[in-house]
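Asker: Below are the sequence and a predicted model for it; my questions follow.
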Amino acid sequence: MDRKEYLRKLTSVNELLQAFTRLQTAAEEIPRQVAVESIRSVVDSVREAIRAARDEMELQKIGTGVEDLLPLVEEEVRERMEKRLRRVINATGVVIHTNLGRSPLPQQALENIAATAGCYANLEFELDTGKRGSRQQLVEGLLCDLTGAEAALVVNNNAAAVLLALSTHARGREVVVSRGQLIEIGGSFRLPEVMEQSGARLVEVGTTNRTRLKDYRAAVGEETAMLMRAHPSNFRVLGFTEETSLREMAALAREQGLILLDDLGSGVLVRLAEYGLPEEPTPMDSLREGADLVTFSGDKLLGGPQSGIVLGRKELVREMSRHPLARAVRPDKLTLAALEAVLRIYLDRERAVREIPTLAMLTLPVEELKRRARRLASALRKACGELDVRVEPSHSFSGGGSLPLAEIPTWVVSVSLPGMSPDELEKRLRGARPPVVVRIRDDRVLLDPRTLLSPDYEDLPRIFSTVASSRGE
């Protein structure tokens, strides 16, 4: 039988559509457009396979009938209908995992979102006067109460906060920054490029590892508008180093009539050192030491939704809120609903450590992690006796451009599956429902309980059992 005969036998789009439609129930009815596009995709793929076949043996392996193609159509439809953004099990031990959405929100934030998302809300409406209000007033008071700032502004992320500060207060003028602080976060936020976009002119001082007060003083001129400190939240320079304190920079800024901007990157409102973690500067520290403006993220160590927060002197913050760029980077009502709930939890700092998932994960005691690892290991062995399961000491990581040198002690469940390489096991776990993201070390897959949520413990045994049973496929 030649290639043309196989092409003639290939089931048509209409035949497949009729057969597929007959299989559907009212509860799972698929939009016609999705069904048609899926069927066309499958038919095109089979047609290409027929044309690419090298001999009769390969042609005979290609199914062309309705019964052959329907399973392919159903799989194609399933993939097209599946949500693109969906829950993932984070077993990596990286708490603030940027690629996985950073910080999970606390229950109170989810409830506040649900209470306002499906209805109208007083986003920019003053209920007591009946007049138009400002969305910033929804959280400004909380931020000021928590940090002691004169004023606060919320935008859609910290890069936007820095860009808005520079655009408002330094456009067309100079900003002095230490060479050791010309940071890049992620790959899309480079401080020199943000500076250029804002219209400010960057003046680099000092060296990568040493910048003294005299370097800043020598760089100040008639065109200088601002001194800026950028906290190296995703790296550290070690060894022969020296840096100018924020207090010294503040004194120089006041002396010269300049603005001091402190970009903290991943801001935190609790003392991490009290929980055995490396100390990070807080916004309260920055304001107390004399910073005029402080910027940081709301979705990293703070544990809230993606947002950027600006704190500082009232007249400077107000001027930023009136800048044309402020509208382009303002947060929506869902962000503010979540952020308000998170900030209210911080009114009780001990409660915040318990109830905000990011802080709770970072401060979990090692013995509790060991207990959780043993519980998970036991469940995996019970679900799939073929697994080689061990409980071992290891390290977790903060992630998200925070605590860059911190290797946080933990206990992990180390897994291998006979007949399957660790890379293949990792790939199949990513393709599970829900997907599982893991680390690999010493040819074994690691599951770190530090970043596992309660539902994950129920799903993981089932997922591993399914993956093990599919080895021959």
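Answerer: Arrived safely, thanks for sending.

Asker: For Arg444, the count of nearby residues, please.
Answerer: 20 (other CB atoms under 10 Å). All C-beta spots, glycine's among them, are computed from the backbone N, C-alpha and C.

Asker: can you check Ala291 too?
Answerer: For Ala291, using other CB under 10 Å, the count is 30.

Asker: and the closest residue to it other than its chain neighbours, what is it in contact with?
Answerer: Spatially, and ignoring its direct neighbours in sequence, Ala291 is nearest to Asp262 (4.0 Å; CB to CB, 6 or more residues apart in numbering). Asp262 makes contacts with Met228, Arg229, His231, Leu246, Ser286, Ala291, Leu293, Val294, Thr295, as judged by CB atoms under 8 Å, 6 or more residues apart in numbering.

Asker: And the fourth one, what's its pLDDT?
Answerer: Reading off the confidence values, Leu246 has pLDDT 95.

Asker: Just give the number of residues close to it.
Answerer: Going by other CB under 10 Å, the residues that sit close to Leu246 add up to 21.

Asker: Which of the contacts of Asp262 fall in strands?
Answerer: Judged by DSSP state E, those include Met228, Arg229, Leu293, Val294, Thr295 as members of strands.

Asker: Report pLDDT for the closest residue to Gln181 other than its chain neighbours.
Answerer: In space, not counting the residues next to it along the chain, Gln181 is nearest to Ala230; the distance is 4.1 Å by CB to CB, 6+ apart. According to the prediction, Ala230 has pLDDT 88.

Asker: Can you give the contact residues for stretch 340-354?
Answerer: With CB under 8 Å, 6+ apart as the criterion, stretch 340-354 contacts 105-106, 108-109, 111-112, 138-139, 142-143, 145-146, 269-270, 275, 298, 302-305, 355-356, 359-360, 363.

Asker: okay, the ones in strands among the contacts of Asp262 in JSON lines with distance to Arg374 and neighbour count next?
Answerer: Output for those, formatted as JSON lines (distance: CB to CB, whole Å; neighbours: other CB atoms under 10 Å):
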{"residue": "Met228", "distance to Arg374": "48", "neighbour count": "27"}
{"residue": "Arg229", "distance to Arg374": "45", "neighbour count": "24"}
{"residue": "Leu293", "distance to Arg374": "48", "neighbour count": "28"}
{"residue": "Val294", "distance to Arg374": "43", "neighbour count": "29"}
{"residue": "Thr295", "distance to Arg374": "43", "neighbour count": "30"}
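
Asker: Format those residues as a markdown table; extra columns: distance to Leu166.
Answerer: Below are the ones in strands among the contacts of Asp262 laid out as a markdown table (distance: CB to CB, whole Å):
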| residue | distance to Leu166 |
| --- | --- |
| Met228 | 8 |
| Arg229 | 13 |
| Leu293 | 10 |
| Val294 | 14 |
| Thr295 | 10 |
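
Asker: shaky segments in the stretch 1-150 of the chain?
Answerer: 1, 25-28 (pLDDT under 70).

Asker: the helices in it, which residues?
Answerer: 3-9, 13-23, 32-52, 56-60, 66-81, 107-117, 137-147 (DSSP state H, counting those that start in this stretch).

Asker: Kindly compare burial across those helices and name the winner.
Answerer: helix 137-147 (a mean of 18; mean count of other CB atoms under 10 Å).

Asker: For it, output the C-alpha coordinates as CSV.
Answerer: What follows is helix 137-147, C-alpha atoms only, in CSV (Å, rounded to 0.1, in the frame of the first residue of the first chain):
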residue,chain,number,x,y,z
GLN,A,137,-5.6,55.4,51.7
LEU,A,138,-6.7,51.7,52.1
VAL,A,139,-3.3,50.6,53.3
GLU,A,140,-1.3,53.8,53.9
GLY,A,141,-2.4,54.1,57.5
LEU,A,142,-1.4,50.5,58.2
LEU,A,143,2.0,50.9,56.6
CYS,A,144,2.7,54.1,58.6
ASP,A,145,1.6,52.5,61.9
LEU,A,146,3.8,49.5,61.3
THR,A,147,6.9,51.3,60.2
